[in-house]
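Trainee: Build me a model from this:
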Amino acid sequence: MEEGLNELEQVIAAAVQHAPGRVVADLSIARGLDYYTGTVVETVLVGHEQLGSICSGGRYDALASKGNRKFPGVGLSIGVTRLVSRILSQDLAKATRSVPTAVLVTLNNDDSWAAAQDVAAQLRSRGIATEVAAKAEKFGKQIKFADRRGIPLSGSLTTTASTRSKTSARASSTTPTRTRGRPPRRTCTCA
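Mentor: Numbers count the residues shown, from 1 in each chain. Alright, predicted model coming up:
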């Protein structure tokens, strides 16, 4: 008991240094007694305490092991469902599309998958939510997939002798395509 109280005192002292007035020791919290081996934490969202804990976790003496060696650590989980349900129910945010993806990079053939992943990585590095088609189907099928999902842009890769070893996410052309009752879809060819 004394060891646990000493550990808790150290944790609270460190937390108060980094977040003064925001950390409280609550000795009534008992979480996964057979799971955690040290201090446990629960967080609440100020002003929304009725949600309950939105982030919980604790210390493990043996979070991982390799042979006879045990490695301690701290783990936690965030209650995304609780947070999102509150955000949406109080109109703090509204979904503007059915999916977050803004661009679907289509595949010309199965060999273009790696290049498509490179283009997707470039787009993602710029904050553009991007997916790569799962397989190289006919272009129309890939566009219909994007349309059904509500993805507004589709990009296809082209490879020429001068770009065979390098693919960039530069749009070389755009063509609006009318979809059922939706705004025109923009497709771009990435050279």
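Trainee: Spatially nearest residue to Thr43 (excluding sequence neighbours)?
Mentor: Of all residues not flanking Thr43 in the chain, Cys55 sits nearest, at 4.2 Å (C-beta to C-beta, 6 or more residues apart in numbering). (C-beta placed from N, C-alpha, C; glycine too.)
Trainee: Show the pLDDT at Leu88.
Mentor: Looking at Leu88, its pLDDT stands at 84.
Trainee: Secondary structure element for it, which one?
Mentor: helix 80-89 (DSSP states H and E).
Trainee: In that helix, which residues are buried?
Mentor: Under the neighbour-count criterion of 16 or more other C-beta atoms under 10 Å, helix 80-89 has 82, 86 buried.
Trainee: outside of it, which residues touch it?
Mentor: 45, 48, 51-52, 54, 92-95 (C-beta atoms under 8 Å, 6 or more residues apart in numbering).
Trainee: Tell me which residues touch the residue nearest to Thr43, please.
Mentor: With C-beta under 8 Å, 6+ apart, Cys55 has these contacts: 41-43, 76-79.
Trainee: quick revisit: for the helix or strand just after the helix holding Leu88, buried residues please.
Mentor: Moving toward the C-terminus from helix 80-89, the next helix or strand (DSSP H and E) is strand 103-105. Neighbour-count burial for strand 103-105 flags 103-105 (criterion: 16+ other C-beta under 10 Å).
Trainee: Also stretch 58-71?
Mentor: Applying 16+ other C-beta under 10 Å to stretch 58-71 flags 58-60 as buried.
Trainee: Can I get those residues in CSV including secondary structure and distance to Ser28?
Mentor: Listed next are the buried residues of stretch 58-71 as CSV, based on DSSP: H, G, I helix; E, B strand; the rest coil; distance: C-beta to C-beta, whole Å:
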residue, secondary structure, distance to Ser28
Gly58, strand, 15
Arg59, strand, 18
Tyr60, strand, 21
